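# could you work out the structure for the sequence below:
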Amino acid sequence: ASKESERLEQMRKDFIANVSHELRTPITVIRGSLEALCDGVVTEPRQVKNYYEQMLRESKGLQRLVTDLLELSRLQNPDFSIEMRPVNLSDVLGDAVRSIGQVAKQKNIAVIGEGYEQPIPVTGDYDRLKQMFLIVLDNAVKFSAPGSDVRLKCTPADPVTVQISDRGSGIDTDELPHLFERFYKTKSEENKEGSGLGLAVAKQIADRHGIQIEAKSEKGEGSEFLFSFPKG
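All right, here's what the predicted structure looks like:
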């Protein structure tokens, strides 16, 4: 009990330290930019525009971080209930693929879905399940090169499985065990604006539904995420 208490206390300290670190940088940038503008240090119209754009980017990042923090906090609270009822997984997957398709178009990436042409009954929260798949699909698009494709394949057996794969930059082997940890971010240019909470949120949604989620990847060979629903 003493060791568990120490472990939880260390997790709490690490979490606070991580939150502080993630908040400090954008706040420092926004304050520095505002001071430069207010003090008249920057007056050239193009520079002023650049400063405003930088502050807008940083504020969007802060909003994303706070939203993800609140979402993760709610999902980790056992008293926070999610709506568990009969859901057609085919509708969820089709909806998620259509939504991410709009983002993928901007990089000329094709999102290909298969295996969910017929109804697939599961029990869960429609919006949360869609959110879970969208988080992984968004990452797949983010780390994929323009002109490539992202695939979502559903196998409606027992258990039902959903596989999301890409041919992107891949993940280092030593990073795989930490993917679903809070604030863990892969060290890459594509992920510089991520909050480090997306996959932690996806994992919490999966856990609340009894879904097993597993990641496989090799550097330079792309990544694969497998969702296994409870049997029966």
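# got the phi and psi for Glu221?
phi -120, psi 0 (degrees, to the nearest 10).
# pLDDT below threshold where in the chain?
7-8, 11-12, 14-15, 21, 182-196, 232 (pLDDT under 70).
# which stretches in it count as helices?
With DSSP state H, the ranges of helices along the chain come out as 2-38, 45-76, 89-105, 126-142, 198-208.
# what number of residues lie near Lys153?
Applying other CB atoms under 10 Å, we find 16 other residues in the vicinity of Lys153. Any C-beta I mention is one placed from the backbone N, CA and C, and that applies to glycine too.
# distance of the residue most central in space within the chain relative to Val41?
Among the residues of the chain, Gly198 comes closest to the average C-alpha position under CA atoms, centre = their mean, at 2.7 Å. From Gly198 across to Val41, the span is 36 Å (CB to CB, to the nearest Å).
# likewise Asp172?
Distance from Asp172 to Val41, by CB to CB: 41 Å.
# and if you look at Thr67?
According to CB to CB, Thr67 stands 32 Å off from Val41.
# more neighbours: the two, which one.
Thr67 (13 against 10).
# residue contacts, Cys124?
Actually, residue 124 is Gly. It isn't Cys. Gly124 makes contact with Met84, Arg85, Val87, His209, according to CB atoms under 8 Å, 6 or more residues apart in numbering.
# what two of those are the furthest from one another?
For the contacts of Gly124, the maximum inter-member distance is 11.9 Å, found between Arg85 and His209 (CB to CB).
# looking at the two, which is more packed in?
Between Arg85 and His209, counted using other CB under 10 Å, the more crowded position is His209 (21 against 8).
# identify the residues contacting that one.
Met84, Thr123, Gly124, Asp125, Arg128, Leu129, Phe229, Pro230.
# go on, Leu199?
Applying CB under 8 Å, 6+ apart, we find Leu199 in contact with Ile135, Val136, Asn139, Leu179, Phe180, Tyr184.
# Gly222: which of those residues is nearest?
Asn139 (11.7 Å).
# that closest one: neighbour count?
Neighbour count of Asn139, defined by other CB under 10 Å: 25.
# what do you get for Gly115?
Residues near Gly115, counting by other CB under 10 Å: 17.
# try Pro177
Per other CB under 10 Å, the neighbour tally for Pro177 reads 10.
# Ala215 versus that one, what's the distance?
As judged by CB to CB, Pro177 and Ala215 stand 9 Å apart.
# that older thread, list the residues that contact both of Arg85 and His209?
With CB under 8 Å, 6+ apart, Arg85 and His209 have common neighbours Thr123, Gly124, Asp125.
# let me know the closest of those residues to Lys153.
Gly124 (19.1 Å).
# please tell me how far Lys153 sits from Gly113.
8 Å.
# got the phi and psi for Gly170?
The phi and psi values for Gly170, taken as degrees, to the nearest 10, are phi 80, psi 180.
# that one: what's it in contact with?
Gly170 touches Phe143, Ser217, Glu218, Lys219, Gly220, Glu221, Gly222, Ser223, counting by CB under 8 Å, 6+ apart.
# distance of the residue located most distally from the centre of the chain from Ile30?
Seen from the C-alpha centroid of the chain, the residue lying at the greatest distance (CA atoms, centre = their mean) is Gly40, 39.3 Å away. To Ile30, Gly40 is 18 Å away according to CB to CB.
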